[in-house]
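Trainee: what shape does this take:
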Amino acid sequence: MSTTPLPNQQQVNATLKHESITGVVERLTYYSQESGYTVARLQRSGAKELTTITGSFADIQPGQTLQLTGFWREHPQYGLQFQVVNYKETKPATLTGIEKYLGSGLIKGVGPVTAKRIVAHFGIETLDIIENQIERLSEVNGIAKKRIAMIQRAWNEQKAIKEVMVFLQGHGVSTTYAVKIYKQYGDKSIDTVTHNPYQLATDIYGIGFLTADKIARNLGVPADSEFRYCAGLVHALSEAAEDGHCYLPQTELIESVTKLLTTADHQPTEDAITQSIKDMALKDELIRERDADKTLNCYKPTYFYTEQNLAQLVRERLTYPISSDIPRVRIWLERFSHAVKVSLSPEQQQAVETAAYSRFTVITGGPGVGKTFCTSTIVSLWKAMGKSIALAAPTGRAAQRLGEMTGLEAKTIHRLLEFDPKTRSFKRDRTNSLPHSAIIVDEASMLDLFLAYSLVQAVADNAQLLLVGDIDQLPSVGAGNVLADLINSRKVPVVRLTQVFRQAATSKIITASHLINRGQYPNIESISDTPQSDCLWHGGGLQPEHGVQAISELITDLVPRLGFNPATDVQVLAPMSRGLVGTRNLNNVLQQLINPPSPEKIEITRGGTIFRVGDRVIQLTNDYQREVFNGDVGFITTIDTEEQEVIVQYQEREVTYDYADMNELALAWSVSIHKSQGSEYPVVILPLYTQHYMMLTRNLLYTGLTRAKKLAIIIGSKKAISMCVRSTKSQERYTQLQQRLQAALQ
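Mentor: Residues are numbered from 1 along each chain as shown. Have a look, this model is predicted:
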């Protein structure tokens, strides 16, 4: 096997004395999926103590036997380390090495226990037996023919994957993605990557333009290649969609792509990029449209047609006639109010009357204004009218709450529309509409462009649709600003509830939320020992490092003292992922506090993250095959090192992940405020520091605070809170749904 030079290590100081060492990787201390930079512990041949090695590795796993070339250096904090310059993997020469190699997760069907039994039986010949006489594994107690067939398939696939790994490694890409590439393209992997490396960015989750571009440049694809320019344009529009935009003005798109494509030896011109845009538009790979201000906007086709079709569907719904009998509704409401001994406010009365006979209604309002009671009343009215009612929400947690408050079954929108993993589409659509005459969707602020379109087109022509949501919350994680566009178009019947009811007014969380929404600094008190519904101030110091310490103290002391369980009741919400009080670091800190390692808990390391049985995790992308969606939260119940599978318990079911798909998951002891939408937690801890200034907006603080049911604790500086309260400048999203509705409904 040829020696593999390590990226960015070609110019090592020639005066340093290089030497070679060999050993077995015992464990990974740190591994960066992006750069491949690794800190690992190596068991050197004949050495009693473990050796710390550092360097950039394309792929490294515990159990591998490596021959390393490099030099020794003294780290001021961590002591003597071996800095690796290049390396090669060799077959393990010792029984311990073979056992660790087999049990490292390399071969599906062979975990540590099976590996131990195989090596105990075949000894030093183990790997040759698997390669040339695999049927002899039947000699090992507990390995049946079915398991042997699985091991053989995995071994052969692993050999093919190794070829892909060697190819990718030679062209500067981390082989963390080799398994996914092989799964996607099979034997055509190398041909696909060679022909158009940019296809990877389109087809494989986790591989973006920058990685594909790196491969392409190493393969000799010219910097002004048409493939590269087109991929850059698609990437820029995809990045914009990640920020919630449905399109970009052409001038902004050109500016973004110019930065993206500029290299040390290539400076793209505006004319060249404009020409690529025109070429893509001619092939319908990109849509250009001028808006009312004559600005030329560029869309990915799916975004353009979905936005256009959604506006058309809403227009059609509003034109369908519906007979009404408001006097009869008012008589029913009088009887209903008398029976439940609760009177509706004038706003609520208006909401019920509007929803009773409108094809499409929106009810919006903040916490404590009676949206729940209003919705329950509408459900009771529609039941009395003999309507078939369906209830749904964007997330499982929100659907569960909706079901509890109405007494009827509620589903996620994906379940309601009957998503089919085989066709990657919904069974319910325009030609196969929902069999219900009235549909209510809660937490409608979370509806992105595509989910809103799928929902509206599945509603039967003679049915009614009610959206309930809080327009002042953060908009959807996905592209679009659907609820706000519907409301601001002034073409859809909307009722805004504003009156905070007496019982809700006693909640300091609710009163603080409404003050924030009005641009007033909230009344935040010092922490007390009373576990009531309270918005509490806890200083936490002016620096993020003090915030981390404060959060740790709350988790280990105050929260349990108030009777809450840190593992199930507490959610730490952060404005962003980076920094000391970002979700990444806080997850590491909280994992150590809430779910520390123990001999009873199996754990694996993937992409530099330790996943352990008992960990709370969040799904990062829509996985239609497994029917889990961006933002779903569950707990790891099982890690099977033999089958190389991780089982996550979501609310109502278990979902199995292959090791190769673990990049779809992240720890969720701390999540972003955006990802928390549609959820409620007994306790919310919210770190806010001025270092987050780019994210500090009124609706961010408002959304985070209103996730708390019983206790909200803000950690950080009062200046950061003031910045949130003053900033009404939520990032403007580029959408044309409002304008399309207004144009269509003149």
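Trainee: which residues are in contact with P475?
Mentor: In this structure, P475 makes contact with 244, 445, 481, 483-484, 730, 733, judged by Cβ atoms under 8 Å, 6 or more residues apart in numbering. No exception for glycine: its C-beta is placed from N, CA and C like everyone else's.
Trainee: now with 7 Å?
Mentor: With Cβ atoms under 7 Å, 6 or more residues apart in numbering as the criterion, the residues that contact P475 are 244, 445, 481, 484, 733.
Trainee: how close does the last one get to E307?
Mentor: When Cβ to Cβ, to the nearest Å is the yardstick, R733 and E307 sit 12 Å from each other.
Trainee: buried subset of the contacts of P475?
Mentor: Burial of these was assessed by neighbour count (16 or more other Cβ atoms under 10 Å); the buried members are 244, 445, 481, 484, 733.
Trainee: next step: these restricted to helices.
Mentor: Helix and strand membership here follows DSSP state H; of these, those in helices are A484.
Trainee: can you tell me the element Q457 falls in?
Mentor: Secondary structure assigned from DSSP states H and E places Q457 in helix 449-458.
Trainee: tell me the mean pLDDT for that helix?
Mentor: Confidence over helix 449-458 (mean pLDDT, whole number) is 97.
Trainee: which elements pack onto that helix?
Mentor: Contact partners of helix 449-458 among helices and strands, from 3 or more Cβ pairs under 7 Å, 6 or more residues apart in numbering; DSSP states H and E: helix 301-319.
Trainee: quick one: distance of the very next helix or strand once past the helix it packs on to the chain centre.
Mentor: Using DSSP H and E, the helix or strand that directly follows helix 301-319 along the chain is helix 326-340. Centroid separation between helix 326-340 and its chain, computed with Cα atoms, centre = their mean, to the nearest Å, is 45 Å.
Trainee: quick check: angle from the following helix or strand past helix 326-340 to helix 326-340?
Mentor: Beyond helix 326-340 in the direction of the C-terminus, DSSP H and E gives the next helix or strand as helix 346-357. Angular relation of helix 346-357 and helix 326-340 on a 0 to 180 degree scale: 120 degrees, by axes from the mean of the first three to the mean of the last three Cα atoms, to 10 degrees.
Trainee: in helix 346-357, which residues are buried?
Mentor: Residues of helix 346-357 classed as buried under the neighbour-count rule (16+ other Cβ under 10 Å) are 347-357.
Trainee: likewise stretch 213-232?
Mentor: Buried-residue list, stretch 213-232, by 16+ other Cβ under 10 Å: 213-217, 221, 223, 227-232.
Trainee: CSV please, covering these and showing secondary structure.
Mentor: Written out in CSV, the entries for the buried residues of stretch 213-232 read as follows (DSSP: H, G, I helix; E, B strand; the rest coil):
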residue, secondary structure
D213, helix
K214, helix
I215, helix
A216, helix
R217, helix
V221, coil
A223, coil
F227, helix
R228, helix
Y229, helix
C230, helix
A231, helix
G232, helix
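Trainee: now do the same end-to-end measure for stretch 385-396.
Mentor: End-to-end distance of stretch 385-396 (Cα to Cα, to the nearest Å): 28 Å.
Trainee: residues in contact with the host helix or strand of V589?
Mentor: Remark: V589 resides in helix 583-594, with elements defined by DSSP H and E. Identification of contacts with helix 583-594 by Cβ under 7 Å, 6+ apart yields 548, 551-552, 555-556, 566-567, 572, 574, 577-579, 615, 667, 669-672.
Trainee: can you pull out the strands in the stretch 51-200 of the chain?
Mentor: Counting by DSSP state E, counting those that start in this stretch, the stretch 51-200 of the chain has strands at residues 51-56, 65-75, 79-90.
Trainee: just say which of the ones you listed is most tucked in.
Mentor: Among these, judged by mean count of other Cβ atoms under 10 Å, the one packed with the most neighbours on average is strand 51-56 (a mean of 20).
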